[in-house]
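K.L.:
A predicted structure for the sequence below; I have some questions about it.
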Amino acid sequence: YLARPLQHPLQARRPVTAETPRITVRGARLHNLREVDASFPIGRLTVVTGVSGSGKSTLARDVLLDNLQRRIGKDAAEKGGAWTGCAGIEGWETLDRVLEVDQTPIGKTPRSCPATYIGFWDAIRKVFAETPEARMRGYTPSRFSFNTAGGRCEACEGQGMRKIEMSFLPDVRVICDSCGGRRFNHDTLTVQYKGRSIGDVLMMSIDEAVDFFSAHPRIHHCLRLLQDVGLGYLTLGQQSPTLSGGEAQRIKLVTELSKVRESRMLRTPEPGETVEKLPGTLYVLDEPTVGLHMADVEKLIRVLHRLVDAGNTVVVIEHDLDVIAEADWIIDLGPEGGTDGGRVVAQGSPEEILRAARESHTARILKEFLRDRLGATSARVAPQTRSA
């Protein structure tokens, strides 16, 4: 990635015109914001930029996200009432849902894993319950649950690990010697599908499981999404506490993508595949590239584009120039941090932001960044570069 950096944009920008519907924040005045007016185009990828302390998180999370969370959805605390930190927000009525996707863990217990969090584990349990051996024994899908007694290993209570308490030292977790980490008892493990037990399936990598469940559209769809975001190396039963922040965040994004109607995505739906669409969702992400390698940043960008292509609105607070260069719309705050910030320096497409290089630090650095990328493209065709 140092020798062959990303070339932007990865796909054609979505135009933002005067007719494009927008969510408009009026008179934001929380913390250091100075009566800020900012618009977030619906159905577009918006990136909020600026130096540290310029008011990015205050605008996107404390004003936009918090206010809309109290008003949107069946669990909203209030449908009306006074706005917090601003004079008002317009154009949000078309949204059906608002969600923050962060890097917090997807589960705190070893029982939680990608398969259960995304939701295709129930479909896998049904596959095993429909095998001839399971039907002969009268096993139902509940037999293949590691959260309830009956089919799970009782020595580790379906966790695959046993906790050993150490005096004056942190607890130690070791693989269960009864089930060998497979979470189920011997009788349950004797039921096999394509020569694999349900314990073997939990220990499969996602890359291996994609081919294994190719005949089951719902399961295969979720596994393909995990593979597309670069998580093919994880196992289906990977314990949630062992996942990094970036992995947890991408699993959350896959969970959202799995709910979107496949006809709105980049590939055509498979025969018999039915995926519920949740339209009009606003996603807010606060610096999602923290801790990610450049290769993972590219995968994250492609996931964000897929969310927007599915008809959703994505707002990202970000410093990473690769993400900024992919935006359909940029809101740049500043010009400095603290008391010298809190104003909208510029807002528009990346090409429009570049014209404000005198006022905006982001515009100046983005201009240099894109110029360097063009230089890297030219350098790659030079004979001496190829030999090096």
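P.N.:
Noted; the coordinates are in hand. Numbers count the residues shown, from 1 in each chain.
K.L.:
what ranges do the strands span in the protein?
P.N.:
22-28, 36-41, 45-49, 88-90, 97-100, 161-164, 172-175, 192-193, 196-197, 281-286, 313-317, 329-334, 343-348 (DSSP state E).
K.L.:
Which one, of those, ends up nearest to residue 218?
P.N.:
Of all those, strand 192-193 sits nearest to residue 218, with 15.5 Å by CB to CB. Heads up, the C-betas are built off the backbone N, CA and C, glycines and all.
K.L.:
Listing partners with orientation, what would you give for the closest one?
P.N.:
The strands beside strand 192-193 in its sheet (DSSP bridges) come out as strand 196-197 (antiparallel).
K.L.:
The partner strand: how far from the chain's middle?
P.N.:
30 Å (CA atoms, centre = their mean, to the nearest Å).
K.L.:
and that strand, average pLDDT?
P.N.:
Strand 196-197 shows a mean pLDDT of 96.
K.L.:
And for that strand, what's in contact with it?
P.N.:
182, 184, 188-191, 204, 212 (CB atoms under 8 Å, 6 or more residues apart in numbering).
K.L.:
now those: which count as buried?
P.N.:
Buried by 16 or more other CB atoms under 10 Å: 182, 184, 188-189, 191, 204, 212, out of the contacts of strand 196-197.
K.L.:
Mind telling me the two of the residues you listed farthest from one another?
P.N.:
In the buried ones among the contacts of strand 196-197, two members sit farther apart than any others by CB to CB. They are 188 and 212, at 18.6 Å.
K.L.:
doesn't residue 220 make contact with residue 127?
P.N.:
No: the pair residue 127 and residue 220 fails to qualify as a contact (CB atoms under 8 Å) at a distance of 11.5 Å.
K.L.:
ok so, going back, any chance of the strands of the chain in a markdown table, with mean neighbour count and distance to residue 243 too?
P.N.:
Output for the strands of the chain, formatted as a markdown table (neighbours: other CB atoms under 10 Å; distance: least, CB to CB, whole Å):
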| stretch | mean neighbour count | distance to residue 243 |
| --- | --- | --- |
| strand 22-28 | 20 | 32 |
| strand 36-41 | 20 | 30 |
| strand 45-49 | 28 | 25 |
| strand 88-90 | 14 | 34 |
| strand 97-100 | 19 | 18 |
| strand 161-164 | 14 | 15 |
| strand 172-175 | 13 | 15 |
| strand 192-193 | 16 | 26 |
| strand 196-197 | 17 | 24 |
| strand 281-286 | 23 | 17 |
| strand 313-317 | 25 | 21 |
| strand 329-334 | 26 | 31 |
| strand 343-348 | 20 | 35 |
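K.L.:
With distance to residue 367 added, can I get the ones you listed in CSV?
P.N.:
Shown next, in CSV, are these (distance: least, CB to CB, whole Å):
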stretch, distance to residue 367
strand 22-28, 26
strand 36-41, 22
strand 45-49, 13
strand 88-90, 32
strand 97-100, 31
strand 161-164, 52
strand 172-175, 51
strand 192-193, 56
strand 196-197, 54
strand 281-286, 25
strand 313-317, 20
strand 329-334, 13
strand 343-348, 12
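K.L.:
On the pLDDT front, check the nearest residue to residue 301 once chain neighbours are set aside for me.
P.N.:
Excluding its sequence neighbours, the residue lying closest to residue 301 (CB to CB, 6 or more residues apart in numbering) is residue 326, at 5.3 Å. Predicted confidence (pLDDT) for residue 326: 96.
K.L.:
picking up where we left off before, quick one: least confident of the buried ones among the contacts of strand 196-197?
P.N.:
residue 182 (93).
K.L.:
List the contacts of that residue.
P.N.:
153, 160, 189, 197, 199-200, 202-203.
K.L.:
Would you mind confirming that residue 39 makes contact with residue 22?
P.N.:
Yes: between residue 39 and residue 22 there is a contact under CB under 8 Å: 4.3 Å.
K.L.:
what do residue 127 and residue 220 both touch?
P.N.:
Between them, residue 127 and residue 220 share the contacting residues residue 213, judged by CB under 8 Å, 6+ apart.
K.L.:
Was I right to think residue 29 contacts residue 83?
P.N.:
No: contact criterion CB under 8 Å: residue 29 and residue 83 do not qualify, at 10.5 Å.
K.L.:
quick one: the residue positioned nearest the centre of the chain from residue 12, how far?
P.N.:
Nearest to the geometric centre of the chain sits residue 253, at 2.6 Å (CA atoms, centre = their mean). For residue 253, the distance to residue 12 (CB to CB, to the nearest Å) stands at 22 Å.
K.L.:
same deal with residue 29?
P.N.:
For residue 29, the distance to residue 12 - CB to CB - is 37 Å.
K.L.:
Compare neighbour counts for these two and give me the winner.
P.N.:
residue 29 (15 against 6; other CB atoms under 10 Å).
K.L.:
Can you give me the pLDDT of the more buried one?
P.N.:
96.
K.L.:
Find me the pLDDT at the residue lying closest to it once chain neighbours are set aside, would you?
P.N.:
Among residues not flanking residue 29 along the chain, residue 35 sits closest, at 5.6 Å (CB to CB, 6+ apart). Residue 35 carries a pLDDT value of 95.
K.L.:
quick one, what contacts residue 281?
P.N.:
95-99, 256, 312-313.
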